[in-house]
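In: from the sequence below, what's the structure:
(one chain, ligands or ions: 2)
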Amino acid sequence: MTSDKVLIGVIGGSGLYHLDNLTFVKHVNPETPWGFPSAPITIASLPSGTQVAFLARHGTGHTFSPSSVPARANIAALKSLGVRAIVAFSAVGSLREEISPGSFALPTQIIDRTKGVRPASFFEGTTVVAHAAFGDPFSMGLVRWLEERVRKVLEEEGRGVRLFTDKCIVCMEGPQFSTRAESVMYRQWGGDLINMSVLPEAKLAREAEISYALVATATDYDSWRPHSEAVTAAEVFKTLKDNADTSRHVAARILDDLHAAISVEGQGLLLEEVGSMKFSIMPRSEKQSPEDRKKLAFILPEYFAGDEGADVSHA
Ligand SMILES: CSC[C@H]1O[C@H](OP(=O)(O)O)[C@H](O)[C@@H]1O
Ligand SMILES: Nc1ncnc2[nH]cnc12
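Out: Numbering: from 1, shown residues only. Ligands and ions are numbered 1, 2, ... in the order given. Sure, this is the predicted structure:
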């Protein structure tokens, strides 16, 4: 059984400001309790009629720096449209020789090097406390599903773009790139890729019970190679357009199947996040304010809509 809801959200990163092969349906710009998203969200349909939601992470015309992307509004807005899985694209630096610029990767781990200046939880500043599980920061069902399909598309495309899996991405604050010493240290820590955007996006998707995976597209070797120039924005731009073209191609080929996989009722495929917050929210106390519960109902109506019925039980 398929559904005509907008179940898939695509977040485009640097260089990826639109998708291909889609018929424009409308723009929506939902106001959330955390403000407006980076840009109006494009609702568009694939040739099959399947609708998807596309959001440019840095805004139309790239106006938000990584530290000022309104990530809570972005995730909340996508959730309010009914989105259950997000495929996020990102331009990343490579910390490994074999991951050459132009390569694609699906990371499964993250090292957080953001500086605490980005609001990273929907619960921040409310009277409700929650501790989401984040040991596996990406949705492994979605990652494994993508692995097979993305590899096939890249092989069929025949341009020699390789796909790396099970990699660890470092998320730094920026906006300046890393020093050579930091870049070397991240390699020693086990980092394979580096960007400035995967956090808090992945954390917020988890809190909103949305499956989330990152398609990392390598643009440069960062600054760890002793005899090479340290990364510059100009270096990143060299690969950005080719990577964006390939990303659009990948999206055009996989989104219908992804929609179908998510829509199969009761199968549970790709829906491992649904219900995951039930045991993360601290049991209700009298001190939780009705206003905060209303705010949180925007992303988690199952737990916060209604004063009584939707409470969480740890029994
Ligand atoms: C343009 S270089 C640094 C910039 O590029 C990446 O953006 P995105 O993840 O949105 O593709 C990286 O995270 C930095 O924000
Ligand atoms: N070297 C790098 N460091 C951080 N973010 C990036 N995005 C693309 N290349 C990057």
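In: and the residue of the stretch 201-315 of the chain nearest ligand 2?
Out: For the stretch 201-315 of the chain and ligand 2, the shortest gap (CB to the nearest ligand atom) falls at Asp222, measuring 3.9 Å. C-betas here are computed from N, CA, C, even on glycine.
In: quick check, that residue in a helix?
Out: No: read with DSSP: H, G, I helix; E, B strand; the rest coil, Asp222 is coil and lies in no helix.
In: show me the contacts for the closest residue to Trp34 other than its chain neighbours.
Out: Leaving aside its sequence neighbours, Trp34 sits nearest to Arg72 (CB to CB, 6 or more residues apart in numbering; 3.7 Å). Residues counted as contacts of Arg72 (CB atoms under 8 Å, 6 or more residues apart in numbering) are Thr32, Trp34, Gly35, Pro119, Phe122, Pro200, Leu204.
In: switch the cut-off to 10 Å
Out: With contact set as CB atoms under 10 Å, 6 or more residues apart in numbering, Arg72 has these partners: 32-35, 37, 118-122, 124, 200-201, 204, 207-208, 299.
In: do the same with Pro107
Out: 90, 92, 137-138, 143, 164-170, 191-193, 195, 198, 202, 213-216.
In: ok, and it, which helix or strand is that part of?
Out: Per DSSP states H and E: Pro107 is located in strand 104-113.
In: quick one: list the elements packing against the very next helix or strand once past that strand.
Out: Going down the chain from strand 104-113, the next helix or strand is helix 140-157, by DSSP H and E. With contacts taken as 3 or more CB pairs under 10 Å, 6 or more residues apart in numbering; DSSP states H and E, helix 140-157 sits against strand 85-94, strand 104-113, strand 163-172, strand 211-220, helix 233-263.
In: if we can go back for a sec, so the residue nearest to Trp34, which state does it fall into?
Out: Using three-state DSSP, the structure places Arg72 in helix.
In: from Leu7, how far out is it?
Out: Distance of Arg72 to Leu7, computed by CB to CB, to the nearest Å: 21 Å.
In: circling back to that earlier point, which of the contacts of Pro107 count as buried?
Out: By neighbour count, with 16 or more other CB atoms under 10 Å, those hold 90, 92, 137-138, 143, 164, 167-170, 191-193, 195, 198, 202, 213-216 as buried.
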